[in-house]
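# Give me coordinates for this.
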Amino acid sequence: MLIQAHPGLRLQVRRIGAEGAPLLVIDQAVADPERLVRKAERGHFTSQGAMFPGVRIRAPISYEVFLEQLIRPLLAEHFGLPPQGRLTFPLCHYSLVTLPPEQLVFLQRVPHIDSVQANGLATMHYLFRGNWGGTAFYRHRATGFEYVDAARHQTYYQALQEESRREDATDPGYINGDSALFEQIGSVDGVYNRLVVYRRNSLHSGNIDSHRVPPADVQAGRLSINSFIDVLS
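Residues are numbered from 1 along each chain as shown. Next up, the predicted model:
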């Protein structure tokens, strides 16, 4: 399965919050997004991992090849990472958010990070047409942290553990805006064939409406491809 960049691809460069973490927004990412959707339809989605609130299936290896060709020229300028570094993909999966809000545990109701490493990137490629929400970025009010690296890890999670005991810690569903513990500092709309790239240690969450959870359906639900990329020197 050959995946090519769209000839009309458009790149926006943004910064997140006061700490200015990089965020790339790439519209019209692939030339034939419907082909990716059809590929997902032929697969069998299952629950994978304790924290993702839905189901997943492996994306084709050719998608990793596409991502590497797309992102490598952007590494040095926007993320300060070695452009000739080796890229590995700890995760590259189609994803569907499906979990009802009343089944979420505490850590699924607050923003999260995917890694503390500065050389770790995440991409989110929206492949849905409905109004299922994009991705938002947050500041932890108590610490002021907008990202959590190895130096901040213990301080952040100790504070979060203490806050989890508060009665007003979270609302019962998905976070979708400001809360008692977190302030939203940026957001990207979920637009069909849009791909976003950010550091995995940025605090973030999907914008999910708890009153309208997407169905477990490739054509009608919140289909995306989520990828983790490690850039090794």
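
# Which pLDDT value goes with A50?
pLDDT, A50: 82.

# same thing with L2?
L2 carries a pLDDT value of 89.

# Of all the residues in the helix or strand hosting R38, which ones are buried?
Assigned by DSSP states H and E, R38 falls within helix 33-41. Under the neighbour-count criterion of 16 or more other Cβ atoms under 10 Å, helix 33-41 has P33, L36, V37, K39, A40 buried. For the C-beta atoms, the positions are set from N, CA and C on the backbone; glycine is no exception.

# Repeat that for stretch 164-180.
Buried residues in stretch 164-180, counted by 16+ other Cβ under 10 Å: A169, T170, G173, Y174, I175, N176, S179.

# quick one, helices of the protein?
For the chain, helices defined by DSSP state H occupy the ranges 33-41, 61-71, 153-163.

# contacting residues around the first one?
By that I understand helix 33-41. The contact list for helix 33-41, computed with Cβ atoms under 8 Å, 6 or more residues apart in numbering, reads 1, 3, 30, 57, 60, 63, 94, 127, 192-193, 218-219, 223, 225.

# need the longest strand for the protein.
Counting by DSSP state E, the longest strand found in the chain is strand 86-97.

# Report the inter-axis angle for that strand versus helix 33-41.
With axes from the mean of the first three to the mean of the last three Cα atoms, to 10 degrees applied, the angle from strand 86-97 to helix 33-41 works out at 70 degrees.

# Show me which positions of strand 86-97 end up buried.
Neighbour-count burial for strand 86-97, with 16+ other Cβ under 10 Å as criterion, is recorded at L87, F89, L91, C92, H93, Y94, S95, L96, V97.

# Strands of this protein, residue ranges please.
With DSSP E as the criterion, the chain has strands at 10-16, 21-27, 54-58, 86-97, 120-126, 135-140, 182-188, 194-199, 204-206, 223-232.

# Does the longest one pack against any helices or strands, and if so which?
Where contact means 3 or more Cβ pairs under 8 Å, 6 or more residues apart in numbering; DSSP states H and E, strand 86-97 is packed against strand 54-58, helix 61-71, strand 223-232.
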